[in-house]
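>>> This is a predicted model, with the sequence first.
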Amino acid sequence: MKIIGLLRVKNESRWIERSIGSILPLCERVLVFDDHSTDDTVQLCASLPKVTVLPSPFQGLNEARDKNYLLEQAEPLKPEWIIAIDGDEMLAPGCEDRLRNAMNTHHSCLSPRILYLWDSEHQIRTDGVYGDFHRESMFRFQPGVRFIGDNGANFHCGNVPMACRQKRLVVDDVQLLHFGYIDRDLRLRKWDFYNQNDPTNRREGFDPKYPERRCYPHIVQGDVAAVPADLKLMHAGPLHLEELHTCV
């Protein structure tokens, strides 16, 4: 089975070696789209075996455009399956055989569980959507499929094209560990980023009655006075944390 890894990254030097290293045993090649990183992400990626770094030829934020560019570069490699993860997450150790077995079914898309590490590499958040969150992250490649963005910046387009999601298999015994919210500073930066680019998204918790919470308040629950840990929100809350070993 020919598997290709695809990652779209920017300034992920803190995690990128672990991220790519977690899927390298499964992949014939890994293509990394670098969105103008200013740290040593590119150098770290280039030092890994079977990895090709593709510098972005674009300017401005457009996730769907960038991921379509990645797909175009992958198509000549004739992959059977694509593993598409983020630069701040890694496949949990011991999941490789379970993932291969899932790929050998009739399904066209796999949706592993995402475990959000919170304040520690040994602790995850489990309230609200964080407690049982799955995201399509692997798909059987179909020539010509493309991503479609859902807002002005064309992000939130997912890791799998919509056309590949019809025969989805939820695989609870395959997990991705997500590092992107592990520190308070990371959560605050992500909250600011989303509010700069998607400030009034009601599906992500924007409520004009509470403008101080801004959009995506669940990301910073317990981190800012406007969103206390004991608050019940649209997608999460009150904040609840558990030991990672209970879920892997």
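Nice, I can see it.
>>> How is this protein divided into domains?
3-113+134-178, 184-246 (automatic domain parsing).
>>> would you list the ones you listed in CSV and tack on mean pLDDT, mean neighbour count and distance to residue 120?
In this view, the C-beta of every residue, glycine as well, is placed from N, C-alpha and C. Output for those, formatted as CSV (pLDDT from 0 to 100; neighbours: other Cβ atoms under 10 Å; distance: least, Cβ to Cβ, whole Å):
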stretch, mean pLDDT, mean neighbour count, distance to residue 120
domain 3-113+134-178, 95, 18, 12
domain 184-246, 95, 16, 8
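>>> Residue 126: which of these is closest?
Ranking the domains of the chain by proximity to residue 126 (Cβ to Cβ) places domain 184-246 first, at 4.9 Å.
>>> what residue of the chain is the furthest out?
Ranking residues of the chain by C-alpha distance from their mean position (Cα atoms, centre = their mean) puts residue 209 at the top, at 30.5 Å.
>>> thinking again about what came up before, would you mind saying which of the domains of the chain lies nearest residue 125?
domain 184-246 (5.8 Å).
>>> What's the separation between the nearest residue to residue 62 once chain neighbours are set aside and residue 80?
Spatially, and ignoring its direct neighbours in sequence, residue 62 is nearest to residue 154 (4.6 Å; Cβ to Cβ, 6 or more residues apart in numbering). Taking Cβ to Cβ, to the nearest Å as the measure, residue 154 falls 28 Å from residue 80.
>>> try residue 37
Residue 37 is 30 Å from residue 80, where distance means Cβ to Cβ.
>>> tell me the secondary structure for residue 64?
Following DSSP: H, G, I helix; E, B strand; the rest coil, we place residue 64 in the helix state.
>>> Give the full set of residues in contact with it.
Applying Cβ atoms under 8 Å, 6 or more residues apart in numbering, we find residue 64 in contact with 146, 147, 148, 149, 154, 155, 157.
>>> one more time with 7 Å, if that's ok
147, 148, 149, 154, 157 (Cβ atoms under 7 Å, 6 or more residues apart in numbering).
>>> Provide a list of residues in contact with the residue nearest the centre of the chain.
The centre of the chain sits closest to residue 86, judged by Cα atoms, centre = their mean, with a distance of 4.1 Å. The contact partners of residue 86, by Cβ under 7 Å, 6+ apart, come to residue 7.
>>> same question, the one 3 residues further on
Residue 89 makes contact with 19, 176, 177, 178, 179, according to Cβ under 7 Å, 6+ apart.
>>> Summarise which helices and strands the lengthiest strand in the chain is packed against.
Taking DSSP state E as the criterion, the chain has its longest strand at strand 168-178. Strand 168-178 sits against strand 89-91, helix 96-103, strand 109-116, with contacts defined as 3 or more Cβ pairs under 7 Å, 6 or more residues apart in numbering; DSSP states H and E.
>>> for it, the distance to its chain's centre please.
Offset of strand 168-178 from its chain centre (Cα atoms, centre = their mean, to the nearest Å): 12 Å.
>>> I'd guessed residue 139 sits against residue 108; true?
Yes: if you go by Cβ atoms under 7 Å, residue 139 and residue 108 touch, sitting 6.3 Å apart.
>>> Between these two, which contacts overlap?
residue 164.
>>> in the chain, which spans are helices?
For the chain, the helices defined by DSSP state H cover 16-23, 41-46, 63-74, 96-103, 184-197.
>>> Please convert those helices to CSV, extending it with distance to residue 229.
Listed next are those as CSV, based on distance: least, Cβ to Cβ, whole Å:
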stretch, distance to residue 229
helix 16-23, 29
helix 41-46, 33
helix 63-74, 30
helix 96-103, 34
helix 184-197, 12
